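S.K.: fold the following for me, if possible:
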Amino acid sequence: MRHRKRTEKLGRTTSHKESMLANMIVSLIKSGKIETTERKGKVLKRYFERVVSLAIKGDNASMRQVVSWVRDKEAFKLLMRSIVPRMRDRKGGYCRVIKAGFRRGDGAPLAVVEIISE
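M.R.: Presented below is the predicted three-dimensional model:
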């Protein structure tokens, strides 16, 4: 039984799920918002908030973890130069998930994940 298990499987192996989420984090950093399924968006929000919190913390061990998730140098620079200074005063809630209807092909619920711009 999987009662009270926090991880989401998303119908993928662990390595596939982690690679997919790392790629989605890079896309979110580069573009500011992405459209995905609602379930993936909620999982992405949890991982993205952890990455931003670690980047704000800024010590050596935290930066190593951030680099392991943000696997693109350009996205890493963008995160450190523009997103982290904006979010330094916030206690959390660095991105939002907004429901965006249903996908035409299979009817999957869609959501837009965007970085808070305050």
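S.K.: and the top helix by length along the chain, what other elements does it pack with?
M.R.: Taking DSSP state H as the criterion, the chain has its longest helix at helix 38-57. Contact here means 3 or more Cβ pairs under 8 Å, 6 or more residues apart in numbering; DSSP states H and E; on that basis helix 38-57 packs against helix 14-31, helix 60-69, helix 84-87, strand 95-102, strand 109-115. Glycine gets a C-beta too; all of them are placed from N, C-alpha and C.
S.K.: tilt between it and strand 95-102?
M.R.: Helix 38-57 and strand 95-102 are oriented at 170 degrees to each other (axes from the mean of the first three to the mean of the last three Cα atoms, to 10 degrees).
S.K.: distance between helix 38-57 and the chain's centre?
M.R.: Distance of helix 38-57 from the chain centroid (Cα atoms, centre = their mean, to the nearest Å) equals 4 Å.
S.K.: show residues contacting it.
M.R.: Under the contact criterion Cβ atoms under 8 Å, 6 or more residues apart in numbering, helix 38-57 has outside partners 8, 10, 20-21, 24-25, 28, 36, 62-63, 65-66, 69-70, 79-80, 83-84, 87-88, 92-97, 99, 108-113.
S.K.: ok, the residue nearest the centre of the chain to residue 97 distance?
M.R.: Residue closest to the mean C-alpha point of the chain, counted by Cα atoms, centre = their mean, is residue 48 at 3.1 Å. As judged by Cβ to Cβ, to the nearest Å, residue 48 and residue 97 stand 10 Å apart.
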